[in-house]
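> Okay, structure incoming, though there's no sequence with it:
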């Protein structure tokens, strides 16, 4: 159990910054407090310790012998506190670093793997916690259902229109091509070009319901 003479961490941090900068005013500015607040912290520490810690000189401020001894002890305490702070931030970040998404099958197979690898590389470069991603690969209609119900945070589909209540952002474009067999009359065309009118008048195979030819959807 700590005794009644231990200064708080902010005061110890201030003492270390004064030792490094040689100025109480500069230390206060670096820590984002007023010089009056810094002086008050020093006086509180001095009362706890029972001796002077900082002395004023023409060149600024310097630690007394007791202050230098306190700074040596304070350095280890502040370093441990910084490690604790970083650990807590990591835990808090780890709990937040989860993302549930749903995607139509084509995006799930051909695009999302590359996006996930790029996200991991970016987070590693910044030293951030890795985002845990859960993905559901399904058809467009089911993606809409999952996003609308709040079961996933993001939905990726290959469609031009977002349903009501959802916001969208275009994340990529795709090119549609017509594919025919080698014996089809269109394959014999010298320019391999088909007019819109001809295309509209020709029976075509299309995706099953729920598969729309991209975007990213999420709830407002």
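Done, it's in. The structure displayed is predicted, hence computed values, not measured ones.

> Tell me how far residue 136 lies from residue 116.
Counting by Cβ to Cβ, to the nearest Å, the gap from residue 136 to residue 116 is 14 Å. To be clear about C-beta, it is placed using only N, CA and C from the backbone, and glycine gets the same treatment.

> Under the pLDDT cut-off, which ranges of this protein? List them.
Applying pLDDT under 70 to the chain flags the ranges 90-97, 160-164, 189-192, 205-220.

> Which residue ranges of this structure form helices?
Using DSSP state H, the helices of the chain run over residues 9-21, 24-31, 35-49, 65-96, 105-110, 112-126, 140-149, 196-200.

> Quick check: which of these is nearest to residue 58?
Set against residue 58 and scored by Cβ to Cβ, the helices of the chain come closest in helix 24-31, at 13.7 Å.

> Contacts for the closest one, please.
When contacts are defined by Cβ atoms under 8 Å, 6 or more residues apart in numbering, helix 24-31 is touched by residues 10, 13-14, 17-18, 20-21, 34-35, 37-39, 42, 54, 56, 60-61.

> try 6 Å
Outside helix 24-31, the residues that touch it by Cβ atoms under 6 Å, 6 or more residues apart in numbering are 14, 17-18, 21, 35, 38, 61.

> repeat for stretch 40-53
Counting by Cβ under 6 Å, 6+ apart, 5, 7, 11, 14, 54, 64, 66-67, 70 sit against stretch 40-53.

> which one of those is nearest residue 186?
The shortest approach to residue 186 among the contacts of stretch 40-53 belongs to residue 14, at 79.6 Å (Cβ to Cβ).

> neighbours of the nearest residue to that closest one once chain neighbours are set aside, just the number please.
Closest residue to residue 14 apart from its sequence neighbours, by Cβ to Cβ, 6 or more residues apart in numbering: residue 41 at 5.3 Å. Residues lying near residue 41 (other Cβ atoms under 10 Å) number 23.

> repeat for residue 178
Neighbours of residue 178 (other Cβ under 10 Å): 11.
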